[in-house]
Structure formats: C-alpha cells, structure tokens
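S.K.: model this:
(chains A and B)
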Amino acid sequence: MNINATLLGQVISFAIFVWFCLKFVWPPLIAAMEERKAKIADGLDAADRAMRDLELAQNKATDRLKEAKQDAAVIIDEAKKRASQIVEESKDKAREEGERLITAAQAEIEQEANRAREQLRSQVVVLALAGAEKVLERSVDDETNRALVEQLAAQL
Amino acid sequence: MASETITAEEYISHHLTNLTYGQHHDGSWGFAHSAQEAADMGFWAINVDTFGFSLFLGVLFMFVFRLVAKSPTTGVPGGLQNMVEMVVEFVDDNVKSMFHHKNNLIAPLGLTIFVWVLLMNIMDLIPIDFLPEAGKALGIHFLKVVPSTDVNITMGMALSIFALVVYYSIKQKGIGGFAAELSLHPFGKWGLPVNLFLEVVNLLAKPISLGLRLFGNLYAGEMIFILIALLPFWAQWALSVPWAIFHILIIVLQAFIFMVLTIVYLAMAHDEH
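M.R.: Okay, the predicted model is just below:
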C-alpha cells in the first residue's frame, strides 16, 4: 500500500478518459437522446392535433346527419302528401270514368230495349193479325181489324 | 484456501500485495518479490496489476460507450444503447439537479467517474482467488484485481478532481476571490489566520476524504472476502454469498457517491459566496 507512480498513471489515464468521453461519447449520445425527446414530443403533439381534428370531424358528421335526417323527413312528408293527392286524383278519375261508362251502358241498354220493343211490337201486330185471321177464318173488315189491332199493339 | 502449505497470515498478505514494477536496490529494474521490496522501490514504481486492470476497464468502458455513441439511433433503441442511455440519463439528471452553472465538462466527467469506478468496484465480485490463481499459473506471483482497493488509484482520481476544483475556483472567482474565500470566512478579516487554517483544512479534506472513502470501503470489502476465503471450502458460501449480495449495494453506492461528491465539489467551486 505504497504511494507510487501508479497515482500519476491514474491521473493521466483519468484525464484521457474524461477527454475522450467529453469529445466522443457524451455529445452524440445526448444529441440522440434530445432528438428522440423532440421526436416524441412532436408525436404527442400530432396525436393531440389528430384527436382534436377527429372531434371536429365527428361534430361535423353528426351535424350533417341531423341535417340529412331533417331533409329526409321533409321529403318523405312531401312524398306522402303527393302520394295521397295522386291517390285521390286517381280515385276521382276512376269514379268519373265509371260513371261515364255506366251512363253509356245505360243509354245503350235503353236504345237496345227500345229497338227490341219496336221490333217486338211490329211482330206482335203481324202475329196478332195472323192469329185473328185464323180465328175468324175470314176477314170481316180488313180495315177495321187493322185499326183495332194497331190500337191493341199501341197499348202493349 | 489457496494451498495447505501457506499460513493464513501469508495468504492474506499475499492477497494484499500489489504486483509492483520498479527499480531494485541494486539498481536493476524488475518486479518486486515481496511487499517490503515493493515499498523499498519508493515513488518511482508502478502497481502493474491494479493500474493494468484500471486501464483495461477504462478502455472497455470507452469502447462500449463509443460503440453506441458512434451510431445512436433516435428511434427505438436496442439493448446495449438502452443500457448506455439509461446510465447517461441517470448521470445527466444528477448533474442537472446539482450543478447549475454552464460547464460542458461536468456531465462527461461524472459519467466517466461513475462508470469507471463502478467497473473497478465490480472486480470485487469476481471470486477472490480466480484471477490470482490464474496469474500464478502464468508465473505472476502477486495480483490484486480490484483497482479501487489500491489507494494510488482512488487518490489519483481524487487529486485530479481536487485540481479541477482549484482550477475552477480560480477561473470563476479570480485568484483574489479564491484567496478571499479561503481567508475571510468564517470569522471576518480580523480572524484571518484562523480562517485560513480552517478553510485550507476544509479544502484539503475534500480530495482526501473522497479518495480514502472509496479506497476504505472497497479495501474493507475485499478484506472480508479474503477472511471468508480462509474458511473451509464447504462453509464459505454461507458467508460469501450474503456478503457479495450486500456488496453489490456498496459497489454501486460508492461509485455513485464518488460521482455525486465530484459534482458537488465542482458546483461549490463555481458558486460565488
């Protein structure tokens, strides 16, 4: 345990190691660490910003959605109104058409009936006459008979 | 126990003797063959073992840290870089909390001290006979493997720090300021001799306590390992394992204290009173 030149050796090597550390070890390590710190801070900042952006976008989206819903409600209302209107209109049209058809049919029926009645009437006259002729076997007075029968036919 | 043929006393003193290279009495240069011979070599001798290990550990430290510092990634660091950065950040935090002046030397100085002293102390955990026995097989008769159990090593560092303290005291306050600091406290200018005496003692106590604290702690720890090694081989583990575990604490703590005191002393040298 003597004090000897080891002491000086240690002083010199200590100085060299400290110098080396000061020059070549400490600065790059600290620089890298600082840079990483800055990077992380940037990253956190960016994350914050993104979070805020996301919130804004979400708000906007909900607003849009609400608007769209309102618009849709208005449109649906209008459509419903329009639909009932159309239904009413077509109902009216159909009724009119039906009525028209019914009147036409009734007119035709009447016409046909009249025609049939006329025909029937004329044939009845002939039949009656023939019948009467057969019954009497002889014609009393053709003219009087005819007048009589026509009177009869008119009563039918 | 190294061998049955030597006594306990010889075993202990063998473990406490450095491998010293210097000039013999007869004028020739060579290794000392006994503690007495080493002492007789005077100042111009060198403890090859402790100084060698100290250098080796310092180079190892610089090599590993330089390896990382050469191409540090700013992305996700790998295992080695992580470890190195953890140490660097630890030292940086300590320096920042204790040293409030602008000086780029302090942090690297603290890092060098912490890691180097830590590595030197860790040598204490290598089983006590491993390296000396290996050395013996290679023809080296003395081998002290823990550099911080050599007072030359610890005082070498402590005195370097003392030189820095004096240098920065003068640089920051000027020679007059430094002299005033030494002579005008604590009793004012009429108590100048007393002040000077107190302050000089105070100043000198710093490096001496710094160096001797580290040396004393590690020397004592080493001594206990040596004493444990004198027990029968089957009983040694019962003591050496708990002591080694406890010693891990001392090893880190002493390295930390050495670094912290260095920073504090240098901060005091920068402070104006």
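
S.K.: Count the neighbours of residue B:96 for me.
M.R.: Using other CB atoms under 10 Å in any protein chain shown, residue B:96 has 12 neighbouring residues. For the C-beta atoms, the positions are set from N, CA and C on the backbone; glycine is no exception.

S.K.: Which strand or helix spans it?
M.R.: Counting by DSSP states H and E, the element that carries residue B:96 is helix B:79-98.

S.K.: on contacts alone, who are the packing partners of that helix?
M.R.: Here helix B:79-98 touches helix A:26-136, helix B:48-70, helix B:106-122, helix B:233-270, going by 3 or more CB pairs under 8 Å, 6 or more residues apart in numbering or on different chains; DSSP states H and E.

S.K.: Next, the buried residues of that helix.
M.R.: Within helix B:79-98, the residues scored as buried using 16 or more other CB atoms under 10 Å in any protein chain shown are B:81, B:84, B:85, B:87, B:88, B:91, B:92, B:94, B:95, B:98.

S.K.: circling back: name the stretch among the helices and strands packed on helix B:79-98 that sits most buried.
M.R.: A comparison of these by mean neighbour count, using mean count of other CB atoms under 10 Å in any protein chain shown, puts helix B:106-122 on top with a mean of 25.

S.K.: next SSE after that one?
M.R.: Next along the chain after helix B:106-122, taking DSSP H and E as the criterion, comes helix B:130-137.

S.K.: just to revisit the earlier point, take the helices and strands packed on helix B:79-98 and lay them out in TSV including mean pLDDT.
M.R.: Putting these into TSV (pLDDT from 0 to 100) gives the following:
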stretch	mean pLDDT
helix A:26-136	93
helix B:48-70	92
helix B:106-122	95
helix B:233-270	93
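
S.K.: just so I know, which of these lies nearest residue B:163?
M.R.: Residue B:163 lies closest to helix B:233-270 among the helices and strands packed on helix B:79-98, at 10.9 Å (CB to CB).

S.K.: so what does that closest one touch, helix or strand wise?
M.R.: Secondary-structure packing of helix B:233-270 (3+ CB pairs under 8 Å, 6+ apart): helix B:79-98, helix B:106-122, helix B:151-183, helix B:192-228.

S.K.: Out of those helices, which is closest to residue B:44?
M.R.: Among the helices and strands packed on helix B:233-270, helix B:151-183 sits nearest to residue B:44 (CB to CB), with 12.7 Å.

S.K.: circling back: how about the helices and strands packed on helix B:233-270, which one is nearest residue A:5?
M.R.: Of all the helices and strands packed on helix B:233-270, the one in closest proximity to residue A:5, counting by CB to CB, is helix B:151-183 (8.2 Å).

S.K.: Please see if the closest one touches chain A.
M.R.: Yes: using CB under 8 Å from any CB of the partner chain as the criterion, contacts between helix B:151-183 and chain A involve B:151, B:152, B:153, B:155, B:156, B:157, B:159, B:160.

S.K.: List the buried residues of that helix.
M.R.: Judged by neighbour count (16+ other CB under 10 Å), helix B:151-183 contains these buried residues: B:151-162, B:164-165, B:168-169, B:173, B:178, B:181-183.

S.K.: Now that helix: average pLDDT?
M.R.: Here helix B:151-183 scores 91 as its mean pLDDT.

S.K.: coming back round to it: take the helices and strands packed on helix B:79-98 and write them to JSON lines, including distance to residue A:18.
M.R.: Shown next, in JSON lines, are the helices and strands packed on helix B:79-98 (distance: least, CB to CB, whole Å):
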{"stretch": "helix A:26-136", "distance to residue A:18": "10"}
{"stretch": "helix B:48-70", "distance to residue A:18": "10"}
{"stretch": "helix B:106-122", "distance to residue A:18": "5"}
{"stretch": "helix B:233-270", "distance to residue A:18": "11"}
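
S.K.: among these, which is nearest residue B:213?
M.R.: Of all the helices and strands packed on helix B:79-98, helix B:233-270 sits nearest to residue B:213, with 7.0 Å by CB to CB.

S.K.: tilt between that closest one and helix B:79-98?
M.R.: 50 degrees (axes from the mean of the first three to the mean of the last three CA atoms, to 10 degrees).
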